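K.L.:
Any chance you can model this:
(one chain, ligands or ions: 1)
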Amino acid sequence: PRLMPEPFRSKMIEPLSLPCRSTREAVLKTSQYNMFQLKSRDVYLDLLTDSGTGAMSKEQWAAMMNGDEAYAGANSFFNLKKAVQELLGFDHVIPTHQGRGAEHVVFGSLAQPGDVIPMNMPFDTTRAHIFHAGARPLSCVVDEAFQPGLDAPFKGNVDLGKLELVLAQHPRQRIPLIMVTVTNNSGGGQPVSLENLQACARMARARGIPLFLDAARMAENAWFIQQREPSCKDLSCAQILRRMMDCADAITVSCKKDALVNIGGLVATRTEALYYQLAPRTILFEGYLSYGGLAGRDLEALACGLREMVDEEYLAHRVAQVGYLGDQLSEVGVPVLRPVGGHAVFIDASAFLPHIPRRYYPADVLSIEVYREGAIRGVGLGALAFEETDLSTGEKIPPQLELYRLAVPRRAYSNHHMDYVAQMVAAVYQRRNSIRYGLKLARESPVPGLAHFVAQLE
Ligand code: F0G
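P.N.:
Numbering: from 1, shown residues only. Just a heads-up that it's a prediction; the model follows:
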């Protein structure tokens with residue numbers, strides 16, 4: 001694979017160390033084989049998530065000194081609002097402490113028990129928030145999303161036929177909103193095309209249903225559109241981003257991803273009416289409308305991060321670095337979900353460990369083995385995270401995909417670190433046939449949709 005050198009250099013470093021094999025064995029046991037229970041000091045390369053784990057720029061650090069900590073109407077809020085207006089085109093902005101805060105505000109305010117939320121696919125907390133509101137997400141993603149080996153440009157797209165069917169089968173008042181996740185994290189960080197977003201917007205508008213984007217990885221999605229959608233090849237990522245946003249009535253954003261901050265989220269709406277619908281819950285659970293649970297300095301770092309995320313030199317390296325890791329793994333035969341996503345390499349754990357039945361959580365076995373091999377922390381996104389229980393029979397229904405994710409923090413690790421990850425995963429692949437165990441839950445999670453976070457495994 002072609003190496004793309006980093007368009008930044010380090011001026012402050014965080015020392016890392018590789019724990020020895022006996023330490024790794026010991027901490028696997030004490031963490032009950034759950035990656036969320038590991039201490040970060042016991043991890044060498046932490047690819048658990050790309051969320052809140054990136055490195056801020058010197059401009060962001062400098063902006064933090066301008067934080068205005070007023071309870072209401074802080075300058076920092078207006079700086080954030082201006083960045084959102086200029087980049088995304090929404091006039092009404094509600095900061096939240098992170099993405100799930102935005103989800104709580106939106107689904108808690110708009111969804112009722114018995115409602116359905118058509119989506120391409122929800123990620124874990126989004127799904128859990130929909131359940132928490134008594135509603136159900138209905139996946140309408142294209143079938144290609146469930147074929148990990150298939151190379152297709154926009155595997156995050158909504159299948160318009162499936163969406164049409166859902167809209168026809170449910171009364172308008174049971175569908176408070178449609179949501180499209182860009183890029184589609186649960187399906188491998190795959191992008192949604194501009195054409196598809198525009199078609200979803202037309203269908204939503206025709207029925208008077210608001211279209212929301214879960215825009216956590218909106219800039220990476222814009223990059224893929226520029227690279228893969230011929231009609232957009234001459235547009236800048238900023239222009240494409242704006243066109244994506246023009247499709248939506250509102251967005252929820254975890255700003256811990258593309259927006260390059262360690263904490264923060266937002267909701268932005270087109271209309272004042274929707275803004276005021278969301279306001280009470282924001283004030284009750286997040287904070288006053290001009291800070292939403294964030295410090296003024298966080299709002300400043302976020303305003304700056306939003307402007308940086310569309311820098312094309314940055315985006316080119318970002319996506320290439322993830323692709324570089326994925327391509328190295330593909331070359332040695334590891335079943336990598338193709339094409340490689342924007343923020344993470346996803347491995348098809350069912351193909352990697354075909355001899356381990358789904359009910360014994362092969363994606364999570366892979367997490368353990370990659371940690372054991374090289375003190376690298378990834379995460380299983382398979383049955384443990386996404387299984388559903390049939391309410392009538394109590395039977396567990398596994399999701400269609402059993403994925404293991406290596407998410408790459410932004411601007412934090414070097415390409416050399418990626419070489420190391422590739423070597424370690426390749427070593428696990430070499431010995432895959434000798435991995436002959438499965439996992440079971442020591443006890444059931446009491447919270448629907450959150451089992452993987454708190455699971456104690458045996
Ligand atoms: N939407 C998407 C698509 C996400 O990937 C996440 C978080 C959220 C919403 C929630 O945002 O964490 O700020 O509350 N995803 C992280 C991950 C945690 O590891 O992919 P949050």
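K.L.:
Spit out the contact partners of the closest residue to residue 87 other than its chain neighbours.
P.N.:
The spatially closest residue to residue 87, leaving aside those adjacent along the chain, is residue 306, at 5.6 Å (Cβ to Cβ, 6 or more residues apart in numbering). For every residue, glycine as well, the C-beta is placed using N, CA and C. Contact analysis of residue 306 by Cβ atoms under 8 Å, 6 or more residues apart in numbering lists 80, 83-84, 87-88, 255, 259.
K.L.:
hmm, try it at 10 Å
P.N.:
Shown in contact with residue 306 (Cβ atoms under 10 Å, 6 or more residues apart in numbering): 80, 83-84, 86-88, 218-219, 241, 253, 255, 258-261, 264, 266.
K.L.:
Helices of the stretch 51-200 of the chain, start to end?
P.N.:
Secondary structure of the stretch 51-200 of the chain, counting by DSSP state H, counting those that start in this stretch: helices at 58-64, 75-88, 99-110, 124-132, 160-169, 194-207.
K.L.:
now those helices in CSV, with mean neighbour count, distance to the ligand and mean pLDDT?
P.N.:
Formatted as CSV, the helices of the stretch 51-200 of the chain follow (neighbours: other Cβ atoms under 10 Å; distance: least, Cβ to the nearest ligand atom, whole Å; pLDDT from 0 to 100):
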stretch, mean neighbour count, distance to the ligand, mean pLDDT
helix 58-64, 16, 17, 98
helix 75-88, 20, 16, 98
helix 99-110, 25, 2, 98
helix 124-132, 22, 5, 92
helix 160-169, 15, 19, 98
helix 194-207, 17, 15, 98
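K.L.:
Just send these back as JSON lines, with distance to residue 287 too.
P.N.:
As requested, the helices of the stretch 51-200 of the chain are arranged in JSON lines below (distance: least, Cβ to Cβ, whole Å):
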{"stretch": "helix 58-64", "distance to residue 287": "18"}
{"stretch": "helix 75-88", "distance to residue 287": "11"}
{"stretch": "helix 99-110", "distance to residue 287": "9"}
{"stretch": "helix 124-132", "distance to residue 287": "18"}
{"stretch": "helix 160-169", "distance to residue 287": "35"}
{"stretch": "helix 194-207", "distance to residue 287": "30"}
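K.L.:
Check what pLDDT the closest residue to the ligand within the stretch 201-350 of the chain gets.
P.N.:
Nearest to the ligand in the stretch 201-350 of the chain, going by Cβ to the nearest ligand atom, is residue 254, at a distance of 3.0 Å. Looking at residue 254, its pLDDT reads 98.
K.L.:
quick one: contacts for the spatially closest residue to it that is not a sequence neighbour?
P.N.:
Distances taken as Cβ to Cβ, 6+ apart place residue 99 nearest to residue 254, at 2.5 Å, with adjacent residues excluded. With contacts defined as Cβ under 10 Å, 6+ apart, residue 99 is in contact with 51-52, 123, 125-126, 129, 214-216, 252-257, 264-267.
K.L.:
picking that back up, what's the model's confidence in the helix or strand containing the residue nearest to residue 87, averaged?
P.N.:
Assigned by DSSP states H and E, residue 306 belongs to helix 296-308. Across helix 296-308, pLDDT averages out at 98.
K.L.:
Following it in sequence, what is the next regular element?
P.N.:
Remark: after helix 296-308, the chain's next helix or strand is helix 312-331, criterion DSSP H and E.
K.L.:
Is the ligand within reach of that next one?
P.N.:
No - judged by Cβ under 6 Å from any ligand atom, helix 312-331 stays clear of the ligand, getting no closer than 13.4 Å.
K.L.:
now the residue most central in space within the chain: how far from residue 350?
P.N.:
Centroid-nearest residue in the chain, with Cα atoms, centre = their mean: residue 185, separated by 4.6 Å. Distance of residue 185 to residue 350, computed by Cβ to Cβ, to the nearest Å: 19 Å.
K.L.:
same question, residue 79
P.N.:
Distance check for residue 79 against residue 350: by Cβ to Cβ, it reads 47 Å.
K.L.:
Break this structure down into its domains, please.
P.N.:
Here the domain parsing of the chain from automatic domain parsing is 21-50+311-454, 58-308.
K.L.:
For those domains, state which one has the densest average packing.
P.N.:
Counting by mean count of other Cβ atoms under 10 Å, domain 58-308 has the highest mean neighbour count of the domains of the chain, with a mean of 21.
K.L.:
measure that domain end to end?
P.N.:
11 Å (Cα to Cα, to the nearest Å).
K.L.:
Look up the closest residue to residue 452, ignoring the ones flanking it.
P.N.:
Sequence neighbours aside, residue 385 is the residue nearest to residue 452 in space, at 4.1 Å (criterion: Cβ to Cβ, 6+ apart).
K.L.:
ok, now residue 195?
P.N.:
Leaving out its chain neighbours, the residue that sits closest to residue 195 by Cβ to Cβ, 6+ apart is residue 229, at 6.9 Å.
K.L.:
Check the offset of the least confident helix or strand in the chain by mean pLDDT from the chain's centre.
P.N.:
Taking mean pLDDT, DSSP states H and E as the measure, the chain has strand 388-389 as its least confident helix or strand, at a mean of 80. The chain centre lies 22 Å from the centre of strand 388-389; the measure is Cα atoms, centre = their mean, to the nearest Å.
K.L.:
Show me what that strand is packed against.
P.N.:
The contact analysis (3 or more Cβ pairs under 10 Å, 6 or more residues apart in numbering; DSSP states H and E) places strand 388-389 against strand 396-397.
K.L.:
residues in contact with the strand it packs on?
P.N.:
Residues from elsewhere that reach strand 396-397, judged by Cβ under 10 Å, 6+ apart: 358-359, 383, 386-390.
K.L.:
Residues of the stretch 151-300 of the chain that sit close to the ligand?
P.N.:
Residues of the stretch 151-300 of the chain that fall close to the ligand, judged by Cβ under 6 Å from any ligand atom: 181, 185, 214, 216, 254, 256, 265.
K.L.:
try 8 Å this time
P.N.:
Proximity of the stretch 151-300 of the chain to the ligand (Cβ under 8 Å from any ligand atom) is limited to residues 181, 183-186, 214, 216-217, 252, 254-257, 265.
K.L.:
Of all pairs in the residues you listed, which one is the farthest apart?
P.N.:
Maximum pairwise distance in these, criterion Cβ to Cβ, is 19.4 Å, between 186 and 255.
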